[in-house]
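1. need a 3D model of the following:
(one chain, ligands or ions: 1)
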Amino acid sequence: MRMSRYFLPTMKDTPAEAQIVSHRLMLRAGMVRQASAGIYSWLPLGFRVLKRIEQIVREEQDRAGAQEVLMPTIQSADLWIQSGRYDDYGPEMLRIQDRHDRAMLYGPTNEELITEIFAASCRSYRDLPKMLYHIQWKFRDEVRPRFGVMRGREFLMKDNYSFDLDYDGAVRSYQKMFVSYLRTFARMGLKAIPMEAESGPIGGKLSHEFIILADTGESEVFCHQDYIDFDVLAQDVDYESDLGPIVAFWTQRYARTDEKHDAATFAAEVPEDKQVHRRGIEVGHIFYFGTKYSDPLGAVVATHDGAETAVHMGSYGVGISRLAGAIIEASHDDAGIIWPDAVAPFDVGLVNIKVDDADCTQACDGLIESLRANGKDVLYDDREDRPGAKFADMDLIGLPWQLVVGPRGLKSGTVELKRRATGEREELSVESALSRLAG
Ligand code: 5CA
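-> Just a heads-up that it's a prediction; the model follows:
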């Protein structure tokens, strides 16, 4: 993609309305634009990041055995009246009247609708277990939408729902999602720690929040350093095997948010040099809630002996749009965003220092072709601008690698390769730069 043609409205100045660094950087990097309070349009650069986050979530859901569906954003109020949540949800729910005066709503979550879908066609224990998820926009009329996409009113969520015959089956599904979340966030370059949680309006007995550490997080968190040091992806997971030991490891050491924190237990259980006390952002939340929805909505199946039983359910959410902000909170410096490779909008930013120099332009064209052949996405700065302004924009938008082509280097056959995360620069031959980037 040529920057001269790309819709990338970057800003030099810090927007006054943004209180936290991710919000400032997302606006300055031209990733999003506010449409109204807590509602955002995603511009090309931001949309690419959103899609990459979404794809990692999807791959890890599928790997754990879940199946993707797509439910609508607008729902009828009927099922919510049946489940009893139509009143419970209060002013957070956006209620809509259609032209026939039917009560509709913009879904804040989908337990009711998925339970109805399941109940309509699954009648036997043979249909179980099932895990169905979708990636869809939600609306919650938050009292204080703030921090940009981190606490929006409209936001993109992955929500998965599990259906099992009994408690033991439901625990297995819960464990699958627990482990799949560890992998999902690790693949995004994040350290996400599961912490015991309250289940709030979703309801239920067993619940964990997945929290990443960042100074601007909304909750205070307390945990054991071992969890931060642990390399999740070093372990390969077989979802058909017993996942109990993995979950046991992640639940045996101390990890709690301020809501559940107990200073005396923390001090007694965690050696002083392993005590971590930071702030955190909730990027995922999983719940087991038994028959809370299957009872009122009639999601029952025949058991082996012909009796009928309501299915045991859980729901599992990931804040996909929130993650775009959360990743920036966890990975930035004074100059801008530092995208982890796995979610970067482009792999390489190619900077042509002198666009009116035929050699530079030719070298850039060749580099783009070779990088593309290697499956790399390249953003090519072919604008007529000062080198300083180009470097500042590249640092701001935070692509993992910057490849700089200038007339002086080319004379001696070299280009400059910079790693955004470390600031390390190297003068390399074109071939070495390409092989470094291919790795
Ligand atoms: N039905 C369940 C799980 S599928 C549910 O709705 N859970 S939740 O309320 O905890 O939301 C799941 C995730 O969505 C949260 O962990 C958070 O990452 C994200 N999220 C929740 N509210 C917002 C919001 N206002 N703005 C952005 N992301 C949000």
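2. flag every residue of the chain that's near the ligand.
-> Counting by C-beta under 6 Å from any ligand atom, the residues of the chain lying close to the ligand are 109, 140, 142, 151-152, 155, 157, 159, 202, 282-285, 315-317, 319, 321-322. Heads up, the C-betas are built off the backbone N, CA and C, glycines and all.
3. and whatever residue of the chain ends up closest to the ligand, what are its bridge partners?
-> For the chain, the nearest residue to the ligand under the criterion C-beta to the nearest ligand atom is Gly319, separated by 2.3 Å. Judged by DSSP bridges, the bridge partners of Gly319 are Met157.
4. all strands for the stretch 151-300 of the chain, in order.
-> Listed in chain order, the strands of the stretch 151-300 of the chain (DSSP state E, counting those that start in this stretch) span 154-164, 192-196, 206-213, 219-224, 255-257, 275-290, 300-302.
5. got it, and the stretch 301-439 of the chain?
-> The residue ranges that make up the strands of the stretch 301-439 of the chain, judged by DSSP E, counting those that start in this stretch, are 308-310, 312-319, 332-333, 336-337, 348-352, 378-381, 401-405, 414-419, 425-429.
6. can you add mean neighbour count and give these back as CSV?
-> Rendered in CSV, the data for the strands of the stretch 301-439 of the chain read as follows (neighbours: other C-beta atoms under 10 Å):
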stretch, mean neighbour count
strand 308-310, 14
strand 312-319, 26
strand 332-333, 16
strand 336-337, 24
strand 348-352, 25
strand 378-381, 24
strand 401-405, 24
strand 414-419, 19
strand 425-429, 14
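7. to Ala119, which of those lies closest?
-> When those are ranked by proximity to Ala119, the top entry is strand 308-310, at 9.8 Å, counting by C-beta to C-beta.
8. what's in contact with that closest one?
-> Leu165, Asp166, Thr291, Ser294, Asp295, Ala299, Val300, Val301, Ala302, Thr303 (C-beta atoms under 8 Å, 6 or more residues apart in numbering).
9. OK, contacts around the first one?
-> This points to Leu165. Residues in contact with Leu165, defined by C-beta under 8 Å, 6+ apart, are Tyr125, Leu128, Pro129, Val301, Thr303, Thr309, Val311, His312.
10. need those residues in CSV (columns: pLDDT).
-> As requested, the contacts of Leu165 are exported to CSV (pLDDT from 0 to 100):
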residue, pLDDT
Tyr125, 97
Leu128, 97
Pro129, 98
Val301, 98
Thr303, 97
Thr309, 98
Val311, 98
His312, 97
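11. ranges for the strands of the stretch 1-150 of the chain?
-> With DSSP E, counting those that start in this stretch, the ranges of strands along the stretch 1-150 of the chain come out as 32-36, 39-42, 67-68, 74-76, 94-97, 103-106, 130-139.
12. single out the most deeply packed of these.
-> Highest mean neighbour count among these (mean count of other C-beta atoms under 10 Å): strand 130-139, with a mean of 20.
13. tell me which other helices or strands that strand touches.
-> Packing contacts for strand 130-139, counted by 3 or more C-beta pairs under 8 Å, 6 or more residues apart in numbering; DSSP states H and E, involve helix 44-63, strand 67-68, helix 111-121, strand 154-164, helix 167-187.
14. go again with 6 Å.
-> Here strand 130-139 touches strand 154-164, going by 3 or more C-beta pairs under 6 Å, 6 or more residues apart in numbering; DSSP states H and E.
15. against which helices or strands is the strand it packs on packed?
-> Packing partners of strand 154-164 (3+ C-beta pairs under 6 Å, 6+ apart): strand 130-139, helix 167-187, strand 312-319, helix 320-330.
16. one more pass at 7 Å, please.
-> Contact analysis of strand 154-164 by 3 or more C-beta pairs under 7 Å, 6 or more residues apart in numbering; DSSP states H and E lists helix 44-63, helix 111-121, strand 130-139, helix 167-187, strand 312-319, helix 320-330 as its packing neighbours.
17. kindly export that strand (C-alpha atoms) in PDB.
-> Output of strand 154-164 as PDB, limited to C-alpha atoms (Å, rounded to 0.1, in the frame of the first residue of the first chain):
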ATOM      1  CA  GLU A 154     -20.900   0.000  20.800                       C
ATOM      2  CA  PHE A 155     -18.100  -2.600  20.800                       C
ATOM      3  CA  LEU A 156     -17.000  -5.800  19.000                       C
ATOM      4  CA  MET A 157     -17.100  -8.900  21.100                       C
ATOM      5  CA  LYS A 158     -16.500 -12.600  20.500                       C
ATOM      6  CA  ASP A 159     -19.000 -14.500  22.600                       C
ATOM      7  CA  ASN A 160     -19.100 -18.200  22.800                       C
ATOM      8  CA  TYR A 161     -21.700 -20.400  24.500                       C
ATOM      9  CA  SER A 162     -21.300 -24.000  25.600                       C
ATOM     10  CA  PHE A 163     -24.000 -26.600  26.000                       C
ATOM     11  CA  ASP A 164     -23.400 -29.700  28.100                       C
END
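18. chain center to that strand, what's the gap?
-> Distance of strand 154-164 from its chain centroid, counting by C-alpha atoms, centre = their mean, to the nearest Å, is 13 Å.
19. and that strand, average pLDDT?
-> The predicted model gives strand 154-164 an average pLDDT of 98.
20. if we can go back for a sec, who wins for proximity to Ile338 among the strands of the stretch 151-300 of the chain?
-> strand 206-213 (14.8 Å).
21. in the closest one, which residues are buried?
-> Leu206, Ser207, His208, Glu209, Phe210, Ile211, Ile212, Leu213 (16 or more other C-beta atoms under 10 Å).
22. about what we covered before: just the buried ones out of the residues of the chain next to the ligand, please.
-> Neighbour-count burial within these applies to 109, 140, 151-152, 155, 157, 159, 202, 282-285, 315-317, 319, 321-322; the criterion is 16+ other C-beta under 10 Å.
23. on that earlier part again, and the strands of the stretch 1-150 of the chain as a markdown table, adding mean pLDDT and distance to Val276?
-> Output for the strands of the stretch 1-150 of the chain, formatted as a markdown table (pLDDT from 0 to 100; distance: least, C-beta to C-beta, whole Å):
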| stretch | mean pLDDT | distance to Val276 |
| --- | --- | --- |
| strand 32-36 | 96 | 31 |
| strand 39-42 | 98 | 32 |
| strand 67-68 | 98 | 36 |
| strand 74-76 | 98 | 41 |
| strand 94-97 | 98 | 38 |
| strand 103-106 | 98 | 38 |
| strand 130-139 | 98 | 31 |
